[in-house]
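J.: Curious how this folds, go ahead:
(2 chains)
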Amino acid sequence: EPEVTQTPSHQVTQMGQEVILRCVPISNHLYFYWYRQILGQKVEFLVSFYNNEISEKSEIFDDQFSVERPDGSNFTLKIRSTKLEDSAMYFCASSELAGGYNEQFFGPGTRLTVL
Amino acid sequence: AQSVAQPEDQVNVAEGNPLTVKCTYSVSGNPYLFWYVQYPNRGLQFLLKYITGDNLVKGSYGFEAEFNKSQTSFHLKKPSALVSDSALYFCAVRDSKDSWGKFQFGAGTQVVVTP
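T.: As a prediction, this is how the structure comes out:
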């Protein structure tokens, strides 16, 4: 069964450093998402991406964040200058269609620890 | 704005007993409701969804959920719990007016099934 994959599974970085989290969505999916979950808190929407453009972003997704689909398979989330409060589990998700009744398929997550 | 509440941080149940995980929601339009399950070190796995029609929805692994519009609830149920059902369960809602389909997740409920 096709699945969303994410690398690395765990990333440790120093405050102020740049990190890139990588995701490989399911191959025929067209809509991509990033969510994050701070330890002990709920899963929060960050950004949605379609047709090489951001379609929607939350207030969390400020200028320090960017997303890119550099090739036909990868979907990346970049944090330019990490802060302590960026420590969280980051989930990538994809779906074949947008909105409505379509479920999203989630990757296993990348645990980001900022020291 | 949409929101989801899962009032219980943890539900404990003995194997073989019925399992219920509660969820209530708030949306401005019509709700699309989903349940996901997360096992340790795994991504969120889709269990079931309610879009329209029959209020009782059946999903994977013997789970079902009942949509109650008057109570704005979508509780997850399983008639006979298994130890392997021990996991973190998330309720999610999507507003039918949201064309890009971001989820609003609940805080999650940890289910512990004891032998």
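J.: which residues does the residue nearest to A:V43 when sequence neighbours are not counted contact?
T.: The shortest distance from A:V43 to any non-neighbouring residue, by C-beta to C-beta, 6 or more residues apart in numbering or on different chains, is to B:F105 (4.1 Å). Every C-beta, even on glycine, is put in place using the N, C-alpha and C of the backbone. By C-beta atoms under 8 Å, 6 or more residues apart in numbering or on different chains, the contact set of B:F105 is A:Y35, A:K42, A:V43, A:E44, B:V4, B:F90, B:C91, B:A92.
J.: Phi and psi next, for B:F105.
T.: phi -100, psi 150 (degrees, to the nearest 10).
J.: again with B:V83
T.: phi -60, psi -40.
J.: now B:S60
T.: phi -70, psi 160.
J.: Can you report how many residues neighbour the closest residue to it other than its chain neighbours?
T.: Closest residue to B:S60 apart from its sequence neighbours, by C-beta to C-beta, 6+ apart: B:L47 at 5.3 Å. By other C-beta atoms under 10 Å in any protein chain shown, the residues close to B:L47 number 21.
J.: residues touching residue 64, list them.
T.: As the question left the chain open, I've gone with chain A. A:I79, A:R80, A:S81, A:K83.
J.: The chain in question should be chain B.
T.: B:L48, B:L56, B:V57, B:K58, B:L76, B:K77, B:K78.
J.: which among these gets closest to A:T113?
T.: Nearest to A:T113 out of the contacts of B:E64 is B:L76 (C-beta to C-beta; 31.6 Å).
J.: before we move on, the earlier item: now intersect the contacts of B:F105 with the helices, please.
T.: When DSSP state H defines the helices, the subset of these inside them is empty.
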